[in-house]
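S.K.: One predicted model, sequence on top.
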Amino acid sequence: MKKFGFTKNNKIGLHKTEKSMCNKDGSIIIKSDTPIYTHNQTITENKPDIYVQDNNNRNIDIIEIGITNKNIISTTEITKHHKYDLLANSLKVMYPTFTTSNIPVVLSWDGLVTKYNNKYMQMLGINKKIMAFIQYSSLKSTFEIVCKDRGVRGTLWDVDEGLPGLEEEPDYIDPDLL
């Protein structure tokens, strides 16, 4: 967020998001879960999870996020990678000098990723520490769902004294790391 010129937001831990954000000079536009309208009105897949338009670097990133079963993680990643091909091609017509890229962020319920995940994280500029936190969050959520389903009270911190390297559970991600 800092590299795009957005101000620090202290509400990240509460997951307060806006549908559309723009930095001060309007050169970066980020939309989440909002339809992207193009000249081609027949596009049905026009609502990506995250849409980033960087007018300075002249690129558009269409980011699709998915959490799935580990047995079908490769198939899900391929499906999500090609889901917005028609939208990307339509955006190339609207913005001929821009490059567009579809970036799937897919992991399993227990935090597993495919071998192509590192390439996608590099495209997004996400370091290994943030990716580890994302995987940890997925694993923790799965654990809590299973505990709730089984009628077990408590959290991951009651069972384990925490993960190595984490003294306490982080309640927010520092926007400066992004």
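M.R.: Yep, it's here. What you see is a predicted model, and the numbers here were worked out from it, not measured in a lab. Residues are numbered from 1 along each chain as shown.

S.K.: only C-alpha atoms for contact and neighbour calcs from this point on.
M.R.: Will do.

S.K.: helices or strands up against the helix ranked longest in the chain?
M.R.: Among all segments of the chain classified by DSSP state H, the helix with the greatest residue count is helix 128-150. The criterion is 3 or more CA pairs under 8 Å, 6 or more residues apart in numbering; DSSP states H and E, and the helices and strands that helix 128-150 contacts are helix 156-159.

S.K.: And the closest residue to S32 other than its chain neighbours, how close does it get to E144?
M.R.: In this structure, S32 finds its nearest non-sequential neighbour in I50, 4.5 Å apart by CA to CA, 6 or more residues apart in numbering. Taking CA to CA, to the nearest Å as the criterion, I50 is separated from E144 by 26 Å.

S.K.: Show me the shaky parts of this structure.
M.R.: In the predicted model, the chain carries pLDDT under 70 at residues 1-18, 153-178.

S.K.: Spatially central residue for it, please.
M.R.: Taking CA atoms, centre = their mean, the centroid of the chain lies closest to I65, which sits 5.3 Å from it.

S.K.: and that residue, bridged to which residues?
M.R.: Beta-bridge partners of I65, counted by DSSP bridges, are V105.

S.K.: before we move on, back to that, how about the longest helix of the chain: buried residues?
M.R.: By neighbour count, with 16 or more other CA atoms under 10 Å as the criterion, the buried positions of helix 128-150 are 135, 138-144.

S.K.: One more: stretch 22-32?
M.R.: Burial within stretch 22-32, assessed by neighbour count using 16+ other CA under 10 Å, is assigned to 22, 28-32.

S.K.: Which ones among these map onto helices?
M.R.: Checked against DSSP H, these include nothing in helices.

S.K.: Spatially, which two of those residues are the most separated?
M.R.: Farthest apart among the buried residues of stretch 22-32 by CA to CA are I28 and S32. That separation is 13.4 Å.

S.K.: ok, back up a step: farthest-apart pair in the buried residues of helix 128-150, please.
M.R.: The farthest-apart pair in the buried residues of helix 128-150, when distances are taken by CA to CA, is Q135 and E144, at 14.3 Å.
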